[in-house]
Structures are given as C-alpha cells and as structure tokens.
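Colleague: Dropping a prediction and its sequence here:
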There are 2 protein chains.
Amino acid sequence: MTPTNAFYAQSGGVTAVINASACGLIETARQHSDKIDKVYAGRNGIIGALTEDLIDTSLESTEDIAALRYTPSGAFGSCRYKLKSFEENRAEYERLIAVFKAHNIGYFFYNGGGDSQDTTHKLSQLSASLGHDLRCIGIPKTVDNDLPLTDNCPGFGSVAKYVAVSIREAGFDVASMARSSTKVFVLEVMGRHAGWIAAASGLAAENEGESPHIILFPEVVFDQDKFLAKVNETVNQHGFCCIVVSEGVKNPEGQFLAEAETHDVFGHAQLGGVAPVVAEMIKATHGYKYHWAVADYLQRAARHIASKTDVNQAYAMGKAAVELALTGKTAVMPTIVRTSNNPYQWEIGVGELKDVANVEQKLPEHYITDDGFGITFECEEYLRPLIMGEDYPPYVNGLPNYVRLKNLPVKKILNEPFDV
Amino acid sequence: MTPTNAFYAQSGGVTAVINASACGLIETARQHSDKIDKVYAGRNGIIGALTEDLIDTSLESTEDIAALRYTPSGAFGSCRYKLKSFEENRAEYERLIAVFKAHNIGYFFYNGGGDSQDTTHKLSQLSASLGHDLRCIGIPKTVDNDLPLTDNCPGFGSVAKYVAVSIREAGFDVASMARSSTKVFVLEVMGRHAGWIAAASGLAAENEGESPHIILFPEVVFDQDKFLAKVNETVNQHGFCCIVVSEGVKNPEGQFLAEAETHDVFGHAQLGGVAPVVAEMIKATHGYKYHWAVADYLQRAARHIASKTDVNQAYAMGKAAVELALTGKTAVMPTIVRTSNNPYQWEIGVGELKDVANVEQKLPEHYITDDGFGITFECEEYLRPLIMGEDYPPYVNGLPNYVRLKNLPVKKILNEPFDV
C-alpha cells in the first residue's frame, strides 16, 4: 500500500496539553513513514481543511515537535466552528472529502470535545458512502471532563491541578489576613455545565477547615439562604471562608447567576463574572470584606503547573490514535481506562464515536456531599490521581520556553475559495 | 550580656516569600542563641504585640521553620493595622514597649511595606526616649515594589514572574482561538499606585507581536480613544490583542476606571474589576469577542511559580535583619543593592528608616515607552533578573506541601486587655 498523508486538527477551547496529543500523534506517525507520508495540520482547526489551508508539519524539526509536549494552547490554531448536519450543509462534508482526496489524505484525526467527535463520526460515514478510504479517529480533549466512554479527558487534569493549587495558595493568604482584613475569597472557575473543575478544587482541602470551604457546582441549584448561612458559619468557625464557584451555577429559575449579553457560535451563553456577584451578595448580607478572582484562560493555559498524569495521557492519546488508524480502525476514539485506584493504573481503550456524540458526562450525585457544598471521598479518589505529578517546562530568561512552530502552508491544489 | 528575646511581625498584604524572610530571620537567630533567646512572633502582626498575643517560635521544629522558605502567606498572621502618630495615639506605642519589657524583648523586627517601616522608625525613637534598649529593624516586603532605598522589594519578583508567565500562557491560548473566537484578552493585575507589576508582564513579549500587546499603567492617564485605536491596530496586525491592566489605572478626571465606569451596557452596577470595564469598552467599539481574568490574590500567593531570585533575597533580608541587630544597629532596614546587571549581581546594603517612611517609588518615566503602552529596554533590564530562576516547593498528593505551624502562645504576663 502506498503511504498516504494524514490530517490533524485541533478543535474548540485549547488546553495546557492538547499539543502533547499533537506531539504524540506526529512523533508516532513519523515512526510509521511506510504507511503515513506527511501529517498535515489544519490551520485554525477544521477551518483549515475547509479553506484548503493546510500546514505541512513535516517541515518542523524533531526538536520543535518534541517541544509541543510542554507547550500549551493549539500550536496550529483551533476554532469554534461546528459543522452542521449532513442535511443542513452536506456541502461542507463534501468539501472536506474533496480537499482530502486532492491532498491524498487517508487519515483524519480530530482532537476535540463532544462536537468534534460527532463531526468525526459523520465524516467517517460520509467518506464510506463516497468511497474515499478515510480512517477517522477522534482524540479526546476537553478541560470540562464531560466526554463519555473515557475515564477522564486530557486537559482536565491540568486545570484540576491549577485550580487546586491556586485555591490552596489563596487559602493560606486569606487565613493570614482574616483577623483585620479580607475574610471571604471567591474564585470563579470554568465548567459550563459540568462541575468537574469546581470539584477538583476540593482536593486542596485535606484537613478540616482548609480552603476551599464551599464549592458551588452547576449540578446543584443555588440556594442563596443556605449558602449565606454556610458562609457565616464558616467564618465564625475558622475565621475566614474560601469559595470556589463554577461559572455555570444556576438559580432556582434556571438562569446563570452571571449572565452576559454575548453568545458564542454554538449558541452557548458567554459566561464570566459570577465571582463578583457571589462576593457582593455576601458583603451585602454579612458585611465581610472580600476579594475575588476569575482565572478564566489562565487556568486552561497554565502549562507551567500541568499535571504529569495529564501530560502523559494526552501524549498517549495522540500516539494511540495513530496506532488505531494503522490497524484499520475508523469512527473510534482512544480512551483512558482506569484499572486501579491505589496504586493508580490506567490503560488505553477504544470507544465507538457513535456512542460519544452529544452525551455530556456530569458530576455524579454521589460525588457531591449531602449539603451540596463539597466533594465526597469517592470523588476525591477519582480525582486525586489526575493531578499527580509535576511536569515543568524548560525556562529561559525566567519564563517558560514554549515553542512557536513555523507552520508553513501546503501548496493548494484545489485552489477554490470556500466560505466558512 | 544576657540574651534577650526578639519580636517579629508580618504586616500588610502577604506575599509568596514573606515567610522566606521569617525563615531567614528565625534560622539566623537560632544560630545566635548567646544573644537572642527566643523569637516571639506577633499573632496577626502588630495586633499580637498590642494584645500580648505572642507566638513562641522556639516550639516549632527545625523542619517546620525550614519549610517556611517555600510556604506562601504570613505563617503567623498579618494585619492591616496602621499605628497612628505619637501625638494621636501615644498609648499604642507605650503599650508595645510595656509588652516588650514584660517579655524581655530587646529586638523588634517588622516585616512590611512603607507604613511598617514608619512604625518601626517611630518605635525606635520612643524606646530610646523611654530608656528601653530596643533595636528596631525593618524588613522590606511589598508586592508593589514601591519602597525607596532598596533596588527592589522581596515579594515583587514572584508576582512579576507569575504575571509574566500567565500573560505568556494566555497569549498562546488566545492566538490559537482568534481566527473564529476570542480576539481580545484582558488580565487585571495588582498595583494600585505603582505600575511595577503591570510592567513585569511586559517581560513575556520578547519578540514583536507577542503577548502582552498593551499595558495600562497607573502612571499613565487613560486615553480611551488612543487605547481603542491601538487595540484595533493590534488585532488587524497580529490577529489578536492581549492587554494587561493595572487595577490603579485612572481616567483624565483622576478616577479609577474600575469605579468611574460603574455601569455596564444594561445599566447594571459593575461589581468591581477594571478588566471587565476595559473588555466591555472594546466590545462596544470594535465588537471583538473577549475574555478577561482577574488574578487578585492568586498572583501574590503563587509560591508554586516563585522567582528563585526573590526567594533568595527574601531569605537574605531576614538573615541580614538579625545580623544588623546583633551589630547594634537600630532604625535601619537591610536593602538589596544591585551591583551589576549582566551578569546580575547584588549585595546587601543598609537603609535608614527615617528615609523610608512615606516615600512611594513609582515606575520612572523612562521605563515606559513613548506611546504609554509598553516597557522600554531599560525597564526590561531592571526587571528581568528579578524573575530569574525557579524554586519549586515539594509536592505531596499532587499539591504543594506548605507548612502550617503550631503557633503556640507565649503565656501572658501583663494580662491586661488592650482594644485594637
């Protein structure tokens, strides 16, 4: 069989370790040059495929590809662009196939969350019906940890570690100041519909009274009176109160506590700013001096404090994706299978993409304490291994020495414009 | 001479390395047990001295004191409590002397910013006039880097590193997303009156077009039109724009931006934070999708990414304070003296506290570029050494293993209440 090229694209919000998956994929593909010729990356994700704007990763040095392992963000550009259904926009799928045919692409690797896995699945179906031999493999990625089938998602462990480290550090700070100054600290974290990131903050509290004292999950309807009582009780007992609030917390009417006017292209409400709302609510009721922080992109870009477990798993997913493709698989996604908690052990599994699409894995009820403000021992047992280990990037001039690739374009063949 | 006890207190906002100063001080004092008996710490800073609530640090193990070197926050508690002038409240100073006499305290070490150095100075004068032999030594500490006499302040270098690392990481993130999503990112940093922290973010941009593209300093009056034009120019040129804004930025009327723009587009009160104000202003004018972050306490508590230079200097200041006291000095503060930029070299100097009080060191004009949005080469040369080196804390269970001291009280002798 003549080797064909591979296409790789990053999709959706980037993470501290999505490039580690790219690294695993490209390094593994380079070891199989008898079957995979070049890996082309989509410039800005799938948009690059639609517009025939491909990046030739074979022009990147071994060292630069290796450096992807410790570089956060999406090295080839990502995008928020959801392909519509066949019925609504079959032209997009046909265009993808046309571009892939033109560039002799026989492998499609899509590194993203639920929507991306759905796209990968659809593409596998269409390519089969059009007779183009395209092996379509999903690679899991999401800081939200909300994909089904896999024990956890690459990207999540590092956000989890960042959030747990940060709320521990802030907790030490506030404890120092509480006697005469700040008594309440609120940290807002990501997690639109699932409380995994908020839950991870709970790992910081290993002993009674430690920060965080209260976690607000999107899975638990916000009860203002109960919350304010708990804050007061905590300050009275421990002298201060640290709170982690998920951006996705909703009031009893089903509205986000913080609502913004903009919507992103998927129609999700753009969130941000629930921390000041919660802080002000406490001040108005109890009068406590507060501080609040919104970590936003800092949390998902924080490669400097990435989880070694997460980095290893992200790399392994990229590598496994190539290996699955080479064994003839299509419409699948490598997964992480936990085989033991203590000691933590995991292996690589395979999930069918038809089972992935549009299923959102929320925090199970038994992971949240009865009062709705904390995580259970079972939850800790699940989360702890995911933040284990440090994997520091190299530093130059006092700063992490992240790589910027050359990202040189592949010459266009179709050369026909396509509007996205 | 019979050894006397020493008193040590932490003051004002805590930092990632103020405990490293405590570590240097206590470890050095323990080496001079012929002259210094016990080091008593004020519980919650000077409030502990006023209320005769002293902590006996001699009951802490060698290991726990050593662990202070890598533990952020104020291990004995800090406070925001400014002693008034002699004339306004001489009783406070007399109370301090009474407590120190009762506990045989001959050394007073005060670890803080400008106000604390002022207090230390006043106390040295009063103790002399009351005939109590009290050697009063200040130890510099402030994330704001605004103390005079010393080249830089312990605490600043680590915030500087955190901010530079964070805006570099966020810059990589936004660059990945800009094609179809977020084009503007705004990070709010501390520094109400001086722009040193904001300036440090500029170290992340080592090449043309790198994040941050715009820095807003408290030293530069905010010019909305010029700013918005620069944002647009940056997005057009580089595809995205990362902005670091100091919490202390003021409009031409002299009001903090965060307070002046108190209403968002719907007329809701804006609940604090200059970052969302700036972000919304950009959206309203240019329509760019934005994200913003407010690091708040996370930046000053971030011991996990502390600067090694900063940790070393903080420790050295604590050590030098004891050494100055033992050579009979009073009303002084150890300082950091830069002797060479390349290679960076520094030594310990001595500053007179009478010259420290109420002088605020702002960012000099020639450290800011002509357009008011960046830092000059001279500024970079000054800042770069301060963020050099990493000094990672030990990790247990995936998290930094910071120490919590026993903080056992010294038995009261006066046992008279004192209201603070």
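Modeller: Alright, I've got the coordinates. Residues are numbered from 1 along each chain as shown, chains lettered A, B, ... in the order given.
Colleague: how about the residue lying closest to A:Arg69 once chain neighbours are set aside, phi and psi?
Modeller: With sequence-adjacent residues excluded and distances taken as CB to CB, 6 or more residues apart in numbering or on different chains, A:Arg69 is closest to A:Cys23, at 4.4 Å. Any C-beta I mention is one placed from the backbone N, CA and C, and that applies to glycine too. With angles defined as degrees, to the nearest 10, A:Cys23 sits at phi -60, psi -50.
Colleague: Tell me how many other residues crowd A:Cys23.
Modeller: A:Cys23 is flanked by 25 other residues according to other CB atoms under 10 Å in any protein chain shown.
Colleague: from memory it sits against A:Ala66, does it?
Modeller: Yes. Between A:Cys23 and A:Ala66 there is a contact at 6.7 Å, judged by CB atoms under 8 Å.
Colleague: For chain A, give the helix that spans the most residues.
Modeller: What stands out as the longest helix in chain A, according to DSSP state H, is helix A:156-177.
Colleague: tell me what the helix or strand that that one is followed by is packed against?
Modeller: For helix A:156-177, the succeeding helix or strand toward the C-terminus, using DSSP states H and E, is strand A:184-189. Using 3 or more CB pairs under 8 Å, 6 or more residues apart in numbering or on different chains; DSSP states H and E as the contact test, the elements touching strand A:184-189 are helix A:156-177, helix A:196-201, strand A:241-246, helix A:274-286, strand A:290-294.
Colleague: Dump those to a markdown table, plus mean pLDDT and distance to B:Asn111.
Modeller: Converted to a markdown table, the helices and strands packed on strand A:184-189 look like this (pLDDT from 0 to 100; distance: least, CB to CB, whole Å):
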| stretch | mean pLDDT | distance to B:Asn111 |
| --- | --- | --- |
| helix A:156-177 | 98 | 12 |
| helix A:196-201 | 98 | 30 |
| strand A:241-246 | 98 | 24 |
| helix A:274-286 | 93 | 29 |
| strand A:290-294 | 96 | 21 |
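Colleague: The closest residue to A:Asp296 other than its chain neighbours - how many residues pack around it?
Modeller: Ranked by CB to CB, 6+ apart and with sequence neighbours excluded, the top spatial neighbour of A:Asp296 is B:Ala293, at 3.8 Å. Using other CB under 10 Å, B:Ala293 has 26 neighbouring residues.
Colleague: On the strand side of things, show who B:Ala293 bridges to.
Modeller: When bridges are assigned using DSSP bridges, the partners listed for B:Ala293 are B:Leu187.
Colleague: Return the residues in contact with it.
Modeller: For B:Ala293, the contacting residues are A:293-298, B:166, B:170, B:185-188, B:275, by CB atoms under 8 Å, 6 or more residues apart in numbering or on different chains.
Colleague: In contact with the most far-flung residue of chain A relative to its centre, which residues are there?
Modeller: Within chain A, A:Ser180 marks the point farthest from the mean C-alpha position, 39.2 Å out by CA atoms, centre = their mean. For A:Ser180, the contacting residues are B:44-45, B:47, B:79-81, by CB under 8 Å, 6+ apart.
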